[in-house]
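J.: Would you be able to build a 3D model of this:
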Amino acid sequence: MIAWRNMSIAARITWFAGAVSTALCALLAATVMFAIHRYVTGGLIAELAADGGRLAHQVEHNQIVFPLVEHSDRNVQILNQAGQIIAATSRMRGKPVMATLVPDGQNIIAGTACGGVFPPGECEVVVAQSARRGPEDWTVYIASPAIPWYVAPWLATTVIGAIGLLALALTALGHRIVTSSLRPVSAIRAELDEITEMFPGRRVGLPPSHDEIHDLAESVNQTLARLQAAMHQQRRFTSDASHELRTPIAAIRAEVEDALYAPEESSVSRLGASVLPSLDRLEAIVGDLLTIARQEDRDEAETEPVDLAELVASVTEERDGAGKVFDSSLEPRIVVTGNRRQLTRLLSNLLDNAERYAATTITVRLTRSAATKRELRRFPRGVAKLEVVDDGPGIDPDQRELVFQRFARLDTSRGRDSGGTGLGLPIARQIAESHGGTLQVEDQPRGARFVLRLPLP
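T.: Down below sits the predicted model:
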C-alpha cells in the first residue's frame, strides 16, 4: 500500500489501465473461445445427426451397410426395441450401451457421455435417433470425441496472442493518454518553480485544450495575480507608512535641532509644546498600525450578542458637547453577534471622521431592514443598518473607495492638517468585513454619509 502511494499518478493510472484491460481482454478471450467452441460443437452434432439419419434410413429399409461410418473416430451402436445391440462399430462390440438417451420417435437427442464404455477421462458427444423397423422402434447411437475448450491448439494460441497484444496496446494507450494529459501539469509546476519574488508578473502558460487542466492554469494565474497585487499593496503600504512616520519624526528633529543651535532662544517647555503634537501623531499612527496587524493576525475574535442601539448611545453620549451636535435616531433592540471592543472601535472611527469634517451637526441613524435580492446571500435574516452623516464638504463619488485605502489623501479639505492618520476608515471597513458586513459611502445631498450594514443573527 505504501509503494502504491509513493507511485506517480501516471504510474498508478498505467497499472490500473493494464489491470482493467487485462481483465477485460481475458473475458473477451473466454467469450470468443466459448462462442467458437459452441459453434464447432453444433457443427459436430449436425454431422453426427446426418450420419445417424443415414443409418436410421438403412435400418428402416433393412439395408444396413458395413462399415457403418467412414470416420474411424466415430462409434455406432444400433439397438432393437428390446435394447439388444444388433450392430456396432469395432470399438463398441461386446460393450454395453454407450448412453441412456431415449429419442421420442421424432426428435433427435444429443448429449455428452464420459467414461463407461469410453476410455477413462474421455468424453464423447452422443446423438440418438429413432428408426422404425416394422412394428418395432429401433435406436441408433452415434458418438464422436467431444471438442476440447480450446478447440485446436493453433486457434487457442492465436486468440490468446491477439488478446495479449490488445491488452498491451490498451495499456500503452492509457499510459500515453495520462502522460500527455499530465504534461501541462508538469509545465505548470516547472513554471511555478521559476516564479520568484523577483518576477511576480510571470504567469503559467495555458494549455490549448479547454479542460480541467486549463481551468487549473487559469486558477493558478488568478492566484498569482492576487499574490502580486498583495505584494504590491504591501510594498505600497510599507512605503506610505514610512512616509507618514517620517513626517512627524522630521518635525521633531527640526524642533530639537533648532533648540540645540539656539539654546538661548528655547526652553524645555517651549520645546515640549512644539514636539508633543508630532509625538501624538506618531503615537496615533503606530497605534493604528498595531490595530491593523492584530486584526489581520486574529483568526477569530470572541463574539457575543451586542445591542447596537445601546452601544451607539453610549459612544455618542461620551462625545456630545464636544463642539459638534449629535442628532441620533436609534431603533431599539437591534442585536448583532460580534466583538464588542471591535464594534466600539469601528463606531469610534466613523464618529472621529465625522467630527473632523462636520460643520455643525452629525446625524446617527440605526434601523432594521430586510435584505434586498443582491444582499440576500450575505444577509439572509435581515440587516442592521447604521448611518453616520456629517454636514461637511462631502466626498466625490469617484473618490468614495479611495478613503478606505490606507494612508489615502483626498484633494479637498480632508488633508493631513485635519489630524487623521489615514487608517481609521480602513480599520473600520476591516472590522465590518470581519463581522460579515459592509461599510461604504453612499449618496447624500450635503456632506458625507457612511453606511454600515451588519447581518442580524
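J.: can we go C-alpha only for contacts and neighbour counts from here?
T.: OK.
J.: now V76: how far from P455?
T.: Note on V76: its distance to P455, by CA to CA, to the nearest Å, is 97 Å.
J.: do you know how far T89 is from E124?
T.: The value you get for T89 to E124, if CA to CA is used, is 15 Å.
J.: Among V76 and P455, which residue is more densely surrounded?
T.: A count of neighbours by other CA atoms under 10 Å puts V76 above the other of V76 and P455, at 25 against 22.
J.: element containing that one, please.
T.: Using DSSP states H and E, V76 sits in strand 75-79.
J.: partners of the next helix or strand after that strand in the sheet?
T.: Next helix or strand after strand 75-79 toward the C-terminus (DSSP H and E): strand 85-88. Paired neighbours of strand 85-88 in the sheet (DSSP bridges): strand 75-79 (antiparallel).
J.: Any regions of the stretch 1-150 of the chain where pLDDT drops low?
T.: Scanning the stretch 1-150 of the chain for pLDDT under 70 picks out 1-5, 105-106.
J.: Just the helices from it, written as ranges.
T.: Remark: helices assigned in the stretch 1-150 of the chain by DSSP state H, counting those that start in this stretch are 2-6, 9-60.
J.: Repeat that for the stretch 251-400 of the chain.
T.: Here the stretch 251-400 of the chain has its helices, by DSSP H, counting those that start in this stretch, at 268-297, 308-319, 340-357.
J.: got TSV for these, with mean neighbour count, mean pLDDT and distance to V65 too?
T.: Below are the helices of the stretch 251-400 of the chain laid out as TSV (neighbours: other CA atoms under 10 Å; pLDDT from 0 to 100; distance: least, CA to CA, whole Å):
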stretch	mean neighbour count	mean pLDDT	distance to V65
helix 268-297	15	72	108
helix 308-319	16	85	118
helix 340-357	19	87	116
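J.: With distance to T100 as added columns, please give those helices in CSV.
T.: CSV is the format used below for the helices of the stretch 251-400 of the chain (distance: least, CA to CA, whole Å):
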stretch, distance to T100
helix 268-297, 92
helix 308-319, 101
helix 340-357, 99
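J.: okay, now the domains of the chain?
T.: What automatic domain parsing lists as the domains of the chain is 9-145, 212-293, 301-455.
J.: which one of those domains lies closest to T171?
T.: Closest to T171 of the domains of the chain, according to CA to CA: domain 9-145, at 4.7 Å.
J.: now the end-to-end length of the closest one.
T.: One end of domain 9-145 sits 52 Å from the other (CA to CA).
J.: One more: stretch 432-444?
T.: End-to-end for stretch 432-444, by CA to CA: 21 Å.
J.: any residues touching it, and which ones?
T.: If you take CA atoms under 8 Å, 6 or more residues apart in numbering as the criterion, stretch 432-444 is touched by 338, 343, 346, 378, 400-401, 428-429, 448-455.
J.: same question, stretch 162-175
T.: Here stretch 162-175 makes contact (CA under 8 Å, 6+ apart) with 10-11, 13-15, 17-18, 21-22, 25-26, 28-29.
J.: so G134 touches E60, yeah?
T.: Yes: contact criterion CA atoms under 8 Å: G134 and E60 qualify, at 7.5 Å.
J.: So those two - more neighbours on which side?
T.: With neighbours defined as other CA under 10 Å, G134 and E60 compare such that E60 has more, 17 against 11.
J.: Neighbour count: T89 and E124, which is higher?
T.: Comparing T89 with E124 by other CA under 10 Å, the one with more neighbours is E124, at 21 against 17.
J.: Which helix or which strand is home to I427?
T.: Secondary structure from DSSP H and E places I427 in helix 424-434.
J.: ok and that helix relative to helix 268-297, angle-wise?
T.: 20 degrees (axes from the mean of the first three to the mean of the last three CA atoms, to 10 degrees).
J.: Report the mean confidence score over the helix or strand just after helix 424-434.
T.: Going down the chain from helix 424-434, the next helix or strand is strand 438-442, by DSSP H and E. Confidence over strand 438-442 (mean pLDDT, whole number) is 88.
J.: quick one on the thing from earlier: looking at the helices of the stretch 1-150 of the chain, which is buried most?
T.: Ranked by mean neighbour count under mean count of other CA atoms under 10 Å, the helices of the stretch 1-150 of the chain are led by helix 9-60, which reaches a mean of 17.
J.: between it and strand 75-79, how many degrees?
T.: Counting by the same axes, to 10 degrees, helix 9-60 lies at 40 degrees to strand 75-79.
J.: returning to that earlier point: which positions in the helix holding I427 come out as buried?
T.: Residues of helix 424-434 classed as buried: G424, L425, P426, I427, A428, R429, Q430, I431, A432, S434 (neighbour count, 16 or more other CA atoms under 10 Å).
J.: Distance from it to the middle of the chain?
T.: Centre-to-centre, helix 424-434 and its host chain are 33 Å apart (CA atoms, centre = their mean, to the nearest Å).
J.: Just name the closest of the buried residues of helix 424-434 to E283, please.
T.: Closest to E283, out of all of these and judged by CA to CA, is G424, at 13.8 Å.
J.: surely that closest one meets N349?
T.: Yes: counting by CA under 8 Å, N349 is a contact partner of G424 at 5.3 Å.
J.: what do the two both touch?
T.: Here G424 and N349 share no contacting residue, scored by CA under 8 Å, 6+ apart.
J.: hmm, back to that, export the domains of the chain as JSON lines, with columns for distance to L192.
T.: As requested, the domains of the chain are exported to JSON lines (distance: least, CA to CA, whole Å):
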{"stretch": "domain 9-145", "distance to L192": "19"}
{"stretch": "domain 212-293", "distance to L192": "9"}
{"stretch": "domain 301-455", "distance to L192": "31"}
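J.: For the helices of the stretch 1-150 of the chain, could you give me TSV that also reports distance to L227?
T.: Listed next are the helices of the stretch 1-150 of the chain as TSV, based on distance: least, CA to CA, whole Å:
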stretch	distance to L227
helix 2-6	31
helix 9-60	29
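J.: Looking at these, which is nearest to I108?
T.: When the helices of the stretch 1-150 of the chain are ranked by proximity to I108 (CA to CA), helix 9-60 comes first, at 7.4 Å.
J.: now A359, nearest residue through space, not along the chain?
T.: Distances taken as CA to CA, 6 or more residues apart in numbering put G392 closest to A359, at 5.2 Å, once the chain neighbours are dropped.
J.: Do you know the pLDDT at the one you found?
T.: 85.
J.: I'd like the numbering to begin with 43 instead of 1 from here.
T.: Right, with 43 as the first residue, what we last looked at is G434.
J.: quick one, what contacts it?
T.: Y399, A400, A401, R488, G489, A490.
J.: average pLDDT for the helix or strand where H256 lies?
T.: Taking DSSP H and E as the definition, H256 sits inside helix 254-303. Summarised as a single mean, pLDDT over helix 254-303 is 77.
J.: So what's the residue count around L481?
T.: Neighbours around L481, by other CA under 10 Å: 22.
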